[in-house]
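J.: Can you look at this prediction? I've put the sequence above it.
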Amino acid sequence: MEFWVNQTFNGVSYAALLFLLGGGLTLIFGVMKIVNIAHGSFYLVGGYLGVALVAATGNFYLALLGAALAVAAGGVILERVFLRAVEGDDLRQMLLTMGIALFFQDACLLVWGGDPFNLRGPAYFAQSVKLGGFTFPILRLFMIAAAGVLFVVLWWFQEKTRAGAMVRAAIDNAEMTEALGINVPILKMAVFGLGAFLAGVAGVVGSAFMGIYPGLDFEILPYAFVVVIVGGMGSLSGAFVAALVLGLLDNFGKALFPEISYFTLFAPMAIVLAFRPTGLFGRA
Amino acid sequence: AAEKPPIKIGFIAPKTGNFAQFGLDMLNGFKLYLSEIDYMIAGRKVELIEEDEGATPANAVTKARKLIEHDKVQLMGGLLMAAAAYAVAPVVQEAGVPLVITVAASDDLTQRKASKYLARVSLTGGEHGHVAGDYAYRKLGWRKVAVIAMDYGWGHEVTGGFQRVFEELGGQVIQKIWTPVITTDFGPYVASLKPEADGILDVVTGAASIRLIGELRKAGVLDKKKVLAAGTATDETLLTALGDTALGVLTFLPWSQALDTPENKRFVERIKQVTKKDYVGFSGAINYGAAMWIAEAIRQVGGDVENKEKFFQTLRATEIKSSPRGPIKIDKYGHIIQNIYIRRVDKVGNLYQNTVIETYPSVSQFWKYNPEEYLKQPIYSRDNPPCRHC
Amino acid sequence: MDVAATRAPMRLVTGLAVALVILAGLAPVLPSYVVILMTEGLIYAIAAASLDLLLGFAGLASLGHSAFFAVGAYTTAILVTRHQASFGAALAASIVLAAVASAAIAILVLRATGIYFMMITLAVSLCAWGLAYRWVSLTGGDTGIVGIPRPRVPWVGLASGTLSFYYTVLALFVVCLALYLLLIWSPFGKTLVGIRDSESRMRVLGYNVFLHKAVALVVAGAFAGLAGSLYAYYNGFVGPSAVDLAHSMQFVLMVIVGGPGTLVGPLIGAFAITFLEKMVSVFTERWVMVLAAAYVVTALWAPRGMLGLLRAAR
Amino acid sequence: MLRVDDVHTYYGDSHILQGVSLEIPRAAIVGILGRNGAGKTTLVRSVMGFTPARRGRILFDEAEITRLRPYRIARLGLCVVSQGRQIFPSLDVAETLAVGARPKPDGWTVEKVYELFPPLRARAHHPAGRLSGGEQQMLAIGRSLMTNPSLLLLDEPTEGLSPLYIEAVGHVIRTLQQSGMSMLLVEQRLRFALLYADYVHIMSRGKIVHSSSPQELGRDADVRARYLGV
Amino acid sequence: MTGHAGDGGATPAVQCEGVTRWFGGLEAVSQVSLSLAAGERRAIIGPNGAGKTTLFRLISGEMPVTAGRVRLFGRDITTTPCHRRTQLGLGRTFQITNLFPTLSVLDNLVLAALGLGRTKFSMLRPLWTYPEPRARALETLDTVGLADKRDAIVRTLSHGEQRQIEMALALLTCPRVLLLDEPTAGLSPAESALMTRAIQQLDRSITILLIEHDMDVVFDIVSRITVLHLGRFFAEGSPAEVRQDPRVQEIYFGAGEVTAC
Ligand SMILES: Nc1ncnc2c1ncn2[C@@H]1O[C@H](COP(=O)(O)OP(=O)(O)OP(=O)(O)O)[C@@H](O)[C@H]1O
Ligand SMILES: Nc1ncnc2c1ncn2[C@@H]1O[C@H](COP(=O)(O)OP(=O)(O)OP(=O)(O)O)[C@@H](O)[C@H]1O
Ligand SMILES: [Mg+2]
Ligand SMILES: [Mg+2]
């Protein structure tokens, strides 16, 4: 019993981490149809900035906000200066984000050196709450909460504001969207900024959980993509379900059959894609 | 005497990518010694040509070719990744240039795939495993051990060496968990560690080690049991990030920043001036030693490195009585014989350190076994030795 | 025969012939490191051009192309180190096996189109890496397969020197180039472009779109296998890094940097990227930045790749 | 309301509009006729700012809009029903109608659009790209109406519609006109244009070659034969 | 299998039997049965969304039927893939223009001309050494009157010009049965008349099924009209009969003030 409760909890919190990683990517991917290779870099920069800000201010939440806003600002600038110029060309956009990712990889190495950091959250992150005989580490609870908030923000953005639909319209047909009086350039900047913001949040929260070090950017990228791909491009609920399924699968896979732990993440992806090329919830 | 041209040494280490810091530490250590002797050995200037190992072995091979054919180096050093070392070795051997591996740890480089012009002054996984197995059985009194190890060469070899010695003494390895090299969440692995184990062998390195040890601490494993970890799991460069979580973890490695010898203290002082950091990584220390040893060999041939055969024979015969990590010499397969220390993570004042609590002097890569017989067995791997008590 | 239509191709052939003569004639006087890099450039050029058939011509943006490259490389590595296969046999086997592998993959991936195709081939790439990494008995796992000797070439003998191996690769490159040119000028090449523009229209015109795409994948796979085989000889070893995502990306980058759908562009792209990566690192530790800048600049200011840039300059 | 003054427009090097001038009074419907490739769509695109005129001026309510970005132009109260529908395939019908909506008292609402084109109501949550050709045309018209423009540019709004809906569109045009909206109506259906336009221009090779009232054009078989081929 | 004996010996060119297609919960085409004699020219009319285009897609094999059978010259082609049906002599145009936008007009036509030959698989001989497809393409280019646009990139053509190429592509597949989906939509009256004449003058042996909202065109080309409504067969008859049918007027023609002949 304890095993199952603990492992389920672990699985859910891991799913939260996956969703944190993939959330911003889903947005940028689904709404703007950009394969954003630089997503991992946003995460990395967010994490490093978080470490620096925690050291400077001593307040985790201040650091979280500050780092995420800084990354968002960076994202806005990137969109405005670079991505705007290659609009509408999937491959060239990917190439550009790849270049940006390489740049940040090296820049972070230059600024923060190669030693790993551990982002220290508030002291209570190291503690656990006891509930009905089970213990739940607070850090993991916090991750779940963060993922929850993130989901709500994204859901609100896509469902309750017209902005999501506007951007999708703009991707389909920018001219016609403008002709409806929609300021497409600002909108794209905002969406990309939001995506970067989410990556920054993920970077700070993720660093509190697993530390931060060079190379992490390209290490987490496949995880972020797996969530988006399995869920179905642009489907928020898809990403949510995918994160949950993958989190639990990975967790129980590791715990029960450690032999297959290489495949717990990528095998489901291959299977899903073989039967539903558009992902679980994607529409063609 | 007529001015002789400089001795050219090529050095391949990662300068970009995930292991850039490692490469930088390697170079810092190596160059620290060279600068102490003003880049002059036996009256000849030394020219160090650095090349980036890059992210893939293919890169390292191209760089090695460049050093050989373009720069015409007389000796090649460095190499961090085992795969890169395996790939570079045949290329360098074919050209007849001596290769001194200063980090890459895979057993077979100096065992079943040993080659003529190759020497290694770092360490191997197997030899470390042997020491750990002995220590766990005799000193820690463990009888049942659970292993959690990274699923690649280093993990396999440390685990294999450990298991062989430990089980021959009478212990039992009752669980082996192989974790993918990139593992973001160790929670489930830690939760499934068998409770009946007397202790845990941890062969996870680098940043992942921070996560694993943190998880072991959170799950209470570290409060109940001892954890014996392969040295780089608590490398000095990780100590800040590890913080209090690692206190009490035992590790084994041929060096520690806290090693209390005059040579080491002097080295630590000097390297700190270079890096401006409180903590000195182990790769800096062993590369410093490597440079010492290479320089000594060159001195012994009077700077005549052009006579390849003689130079290389001298290189292999060279001994250093006192380096930061202790005495160094080379066995006839080209691998180093050196002390291995058992260390414990402690907090002294505001700083953490790996306190040396036990020394295994002059350890051979073959432990106490007969080399010829040892080499008849296949290399340690996931299933060798097989897990008979799992 | 339409004379006007042959004018541009003839110009292209002349240009290429001149370039080849330069490549062949210059090698003996160049520093050996440059020749080494030119060898690598030629090998990557074969691979990049094969990806261009898919990406630039058929509109199939494959992020898993390194899988076929790696099939060729591993085949050669295994045959040469364990079965002492001859150069010809290893080449042939690599080509055939890579083609077979891509035929098998084709069935899986061709259901998806557009950005989904990108994603599913990315998944293929991840899985292929897993195989190379974990199927230790076959691939040697992490350390890969080492000790592949340089090939013994008919009429030349052992191509162990930098120059003799370079000329061997160059000769094969010329053969590939000729085949590529014929292919893109052929009716089949035209159908690939049609598929890129509109699959549904192609079907209604009587084309078996799936078959054409599958054939394209197989042909591209075969060429990639050939390049992979040469790569194994070139490096003397093969490891999982030949299959990883970064390697696939590198192919894509070469194609885009050079200009997709132009065939010649990717050849230039392959050389440019190879030299950039290996040469700049000699001069500066910040070569990753230089590389990053190169990508960004090309993406931004060379709308049709470097080839387009050249045309615009004229 | 709209004044187009000696406009020249290019696609790259090709000079398409070669000095077009016309005027649309308030609450008037101005028809444009002409053979395929005459430059009608290009004129509409120039007014909307998609392909800004290289020479000449376009004034809307006395304000110059020649080189404004399309969304700025749209916010002044212009909207277009583009030729070839220009549907958003990844939006559904309801989203498409909502996305550009600029509500106005007594203006168009989703409900009114559904009343005008009942098939859209039944398909409210279908992806727009899956609609039939005619349904897409209805959606394109509805989408533009939702922005409640004061000047509507209609580029062949009846293409693909069945006679019944052509009539419905005709009625809407009348009602809109009565409520004070102006329209530029590009149309191939001569009869439709003659019935609804207050004034017609015929374009040929990027120039306006004939302007008259629809009645006059209806009588002038010669002009029709010369410029329209009927 | 050949035609039924009772049909007077002639096998129908196209035969639909209870053809049905569901999209999720929507029955777009419902139990439609239709038979066209070889050489017959028939129009399908019906309100927007009646299922006309979907029926075309089912006949041409662009999407599979949910139920029912489709026959071409007596041969059951219900499960035959799209491209095979083209090879069997079925050609079609698209209502929503579907061309190769980045290619030149000539290349568009050459691709169409290659579609049926075996040369399309030739990989080692340049296209310009095959004179035949090119000659046919040029010939067709003349017929649709776009010879001066030969080298223009299709994307840059006006809407109406693209519609004309749409027709040209279909003709180049040498169809024995031609499905035309609103061929004159977007054409100016003059071009429309030209197009109508071109269709009229097609070889009489070609069976034509035409979707069209312009009654002038319909009257000029066909001798029979089938009316679809809500995916179902609604009425059938000669143009005049259908025109007079009050039920058809109600669902389709309306008062007819703008479209009356
Ligand atoms: N993007 C473009 N690039 C170059 N030329 C173009 C482009 N778009 C249109 N043209 C050319 O401009 C001319 C006018 O085109 P336009 O679309 O304005 O005609 P139109 O009168 O609307 O015709 P239709 O009735 O067929 O819609 C045509 O000859 C066309 O080939
Ligand atoms: N792929 C699809 N998925 C879902 N619904 C579809 C799809 N294709 C068509 N439909 C629906 O099926 C119905 C019939 O569409 P179809 O295109 O056959 O109409 P049509 O008779 O050709 O109309 P029009 O005259 O407007 O072209 C429409 O209501 C349409 O929305
Ligand atoms: Mg037009
Ligand atoms: Mg239709």
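T.: Arrived safely. Ligands and ions are numbered 1, 2, ... in the order given.

J.: Show me the strands in the chain, by range?
T.: With no chain named, the answer covers chain A. Ranges of strands within chain A are A:128-131, A:134-137, based on DSSP state E.

J.: I was thinking of chain C, sorry if that wasn't clear
T.: Under DSSP E, chain C gives strands at C:145-146, C:152-153, C:157-158, C:237-238.

J.: hmm, who's touching stretch A:54-71?
T.: Stretch A:54-71 is touched from outside by A:42, A:45-47, A:49-50, A:53, A:119-122, A:196-201, A:203-205, A:208, with contacts defined as Cβ atoms under 8 Å, 6 or more residues apart in numbering or on different chains. Heads up, the C-betas are built off the backbone N, CA and C, glycines and all.

J.: Among those residues, name the ones in helices.
T.: A:42, A:45-47, A:49-50, A:53, A:196-201, A:203-205, A:208 (DSSP state H).

J.: pretty sure B:S322 contacts B:E263?
T.: Yes. Under the criterion of Cβ atoms under 8 Å, B:S322 makes contact with B:E263 at 5.0 Å.

J.: Among the two, which residue is more densely surrounded?
T.: The residue with more neighbours, out of B:S322 and B:E263, is B:E263; 18 against 13, by other Cβ atoms under 10 Å in any protein chain shown.

J.: Model confidence score at C:R314, please.
T.: For C:R314, the model assigns a pLDDT of 56.

J.: how about the nearest residue to C:R201, chain neighbours excluded?
T.: Nearest residue to C:R201, sequence neighbours excluded (Cβ to Cβ, 6 or more residues apart in numbering or on different chains): E:N98, at 4.8 Å.

J.: need the contact list for A:V35.
T.: Counting by Cβ under 8 Å, 6+ apart, A:V35 touches A:29, A:90, A:93-94, A:97, C:115, C:118.

J.: Which ones among these map onto helices?
T.: A:29, A:90, A:93-94, A:97, C:115, C:118.

J.: ok, back up a step: nearest to chain E, out of the strands of chain C?
T.: With respect to chain E, and counting by Cβ to the nearest Cβ, the nearest of the strands of chain C is strand C:152-153 at 25.2 Å.

J.: List the contacts of the residue most central in space within chain B.
T.: Among the residues of chain B, the one closest to the centroid is B:L123, at 4.1 Å (Cα atoms, centre = their mean). Residues near B:L123 by Cβ under 8 Å, 6+ apart: B:105, B:253-254, B:286, B:336, B:338.

J.: Please work out the residue of the stretch 51-200 of chain A nearest to ligand 3 and name it.
T.: A:E175 (14.5 Å; Cβ to the ion).

J.: if we can go back for a sec, out of the strands of chain A, which is closest to ligand 1?
T.: Closest to ligand 1 of the strands of chain A is strand A:134-137 (Cβ to the nearest ligand atom; 60.5 Å).

J.: just checking, what packs against that closest one?
T.: Helices and strands touching strand A:134-137, by 3 or more Cβ pairs under 8 Å, 6 or more residues apart in numbering or on different chains; DSSP states H and E, are helix A:2-32, strand A:128-131.

J.: Now distance to B:V268 too, for these, in TSV please.
T.: Output for the helices and strands packed on strand A:134-137, formatted as TSV (distance: least, Cβ to Cβ, whole Å):
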stretch	distance to B:V268
helix A:2-32	38
strand A:128-131	39
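
J.: any idea which of these is most buried?
T.: Comparing the helices and strands packed on strand A:134-137 by mean neighbour count (mean count of other Cβ atoms under 10 Å in any protein chain shown), helix A:2-32 ranks first with a mean of 24.
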